[in-house]
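Novice: got a sequence here, can you build the structure:
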Amino acid sequence: MDDRVPDREATADAELAPARWWRTEADGRVLCYLCPRLCRIGEDQAGFCYIRKNVGGALYSLAYAQPCAIQVDPIEKKPLFHFMPGSRILSLGTAGCNMGCKFCQNWEISKSREDQVRSVRLEPQDVPDLAFGRGCSALAYTYNEPTIWGEYVIDISRHARAAGLRTVMVTNGYVTPEALPDIYEWIDAANVDLKAFTETFYKKITLTHIAPVLETLQDLVKRGVWVEITTLVIPTLNDAMDEIRELAGWIRAHLGPDWPLHLTAFHPDFKLMDLPATSHETLHEARHVAMASGLNYVYEGNVLCEEGSTTFCPRCGTALVRRTWHRVEQVRIRDGRCPCGQPIPGFFPDPR
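Specialist: So this is what the prediction gives:
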């Protein structure tokens, strides 16, 4: 099932669920400290994300147990290349977002309110059975920003862990240090969008700030969450090779050389219809610049590129995981190692 198309005639009867990470201000407004926006929300108003609302002086989530997108995906689509390659993952999403990205490729739901999308009631305890029934071994919180429905993420993840399912956040990383430990307590892996490497881009194009995202990346690595990073390379906005070099250099210096970076091609969408798609040449050059900056695993996304989608051993150069688009063709990693003995970071279950 894939219900990502908004239904403008839907009613606004979403059930209210008590929210976490808020307090009452002296003026009676509610301060939501789930994300760095720190929205101060008046009576009967919602925050920037649309789905956290002040009702009677208390904060409620309008998205709890109300996904509007449910779909089975290959895990490579998240994208995750070093985590359970070749597996199927059940993906869930709701309405709303805490960023204002002008290039959003899921804007039909991320820019919608909860009463503008078709949703289904899906209790947290029912999600593992749904995943197993569709042949999935993991869950992904994705399509819109899952941080804003953190309460639902936590409750699903608790049941998923008990059932033996892995859990994945596909996130913009815009979360406060206060909320992050709660949301990620049962999360196994995350793909974090590092949307650019300048504050100017974040302020003008996403209406947020870069520093909290960099802090999130470091916090997740310290917590032992498997992290892969995605940067959408947008012509004229963040495609300068000096910026790619700085971004890759920061990853190497602050996280390490073995955390995968996915450089993906932009196509015109939402409010950036006037820009061209990213050329293959630009993406190829960006990958080589990032690898020359010290990263061992850099991939190209949204394009068909055999070299840019293959995992190579950084020691001997052997092609260890071959992919065509989101399909895994070959895996030569055993016990987490290349045949030459080099450890390959990530989670690579051996074939049964």
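Novice: in this protein, which segments are predicted with low confidence?
Specialist: When residues are selected by pLDDT under 70, those of the chain lie in 1-14, 112-116, 351-352.
Novice: do I have it right that Pro345 meets Phe83?
Specialist: No: the pair Pro345 / Phe83 is not scored as a contact, 10.2 Å apart, by CB atoms under 8 Å. Where you see a C-beta, it was placed from the backbone N, CA and C, and this is true even at glycine.
Novice: same drill for these two, tell me which one is more crowded.
Specialist: Comparing Pro345 with Phe83 by other CB atoms under 10 Å, the one with more neighbours is Phe83, at 26 against 16.
Novice: quick one: that one from Trp259, how far?
Specialist: From Phe83 across to Trp259, the span is 12 Å (CB to CB, to the nearest Å).
Novice: Thr231 too?
Specialist: For Thr231, the distance to Trp259 - CB to CB - is 13 Å.
Novice: any idea which helix or strand comes after the host helix or strand of Asn54?
Specialist: Assigning secondary structure by DSSP states H and E places Asn54 in strand 52-55. With elements assigned by DSSP H and E, the helix or strand that comes after strand 52-55 is strand 58-61.
Novice: partner strands of the helix or strand just after that next one, parallel or antiparallel?
Specialist: Later in the chain than strand 58-61, the nearest helix or strand by DSSP H and E is strand 69-74. If you go by DSSP bridges, strand 69-74 pairs up with strand 88-93 (antiparallel).
Novice: neighbouring contacts of the helix or strand just after the strand it pairs with?
Specialist: With elements assigned by DSSP H and E, the helix or strand that comes after strand 88-93 is helix 107-110. For helix 107-110, contacts defined as CB atoms under 8 Å, 6 or more residues apart in numbering pick out 4-6, 68-69, 93-97, 104, 117, 143-145, 269-270.
Novice: ok, now stretch 270-284?
Specialist: Stretch 270-284 is contacted by residues 101-105, 107, 111, 233-237, 239, 263-268, 300, 302-303, 305, 308 when judged by CB under 8 Å, 6+ apart.
Novice: mark which of those residues are buried, thanks.
Specialist: Using 16 or more other CB atoms under 10 Å as the burial test, these include 101-104, 107, 111, 233-235, 237, 239, 263-267, 300, 302-303, 305, 308 as buried.
Novice: so of these, which ones are in strands?
Specialist: Among those, DSSP state E puts Val233, Leu263, Thr264, Ala265, Glu300 in strands.
Novice: nearest to Ile183, of these?
Specialist: Nearest to Ile183 among these: Thr264, at 24.5 Å, using CB to CB.
Novice: can you report how many residues neighbour the residue nearest to the closest one when sequence neighbours are not counted?
Specialist: In space, and not counting its chain neighbours, Thr264 is closest to Gly301: 3.5 Å by CB to CB, 6 or more residues apart in numbering. By the criterion of other CB under 10 Å, Gly301 has 22 neighbours.
Novice: and the gap between Gly301 and Gly133?
Specialist: Plainly put, Gly301 is 29 Å away from Gly133 if you go by CB to CB.
Novice: circling back to that earlier point, quick check: PyMOL command selecting the buried ones in the contacts of helix 107-110.
Specialist: Applying 16+ other CB under 10 Å to the contacts of helix 107-110, the buried members can be selected in PyMOL as follows:
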select buried, resi 4+6+68+69+93+94+95+96+97+104+117+143+144+145
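Novice: show me where the stretch 201-350 of the chain has helices.
Specialist: 211-223, 241-254, 280-292 (DSSP state H, counting those that start in this stretch).
Novice: which SS class is Arg158?
Specialist: At Arg158 the chain is in helix, as set by DSSP: H, G, I helix; E, B strand; the rest coil.
Novice: OK, contacts around the closest residue in space to it that isn't next to it in sequence?
Specialist: Nearest non-adjacent residue to Arg158, counting by CB to CB, 6+ apart: Trp186, 5.8 Å away. Going by CB under 8 Å, 6+ apart, Trp186 touches Ile154, Ser157, Arg158, Ala160, Arg161, Thr167.
Novice: filter the residues you listed to the buried ones?
Specialist: With burial judged by 16+ other CB under 10 Å, the buried subset of the contacts of Trp186 is Ile154, Ser157, Ala160, Arg161, Thr167.
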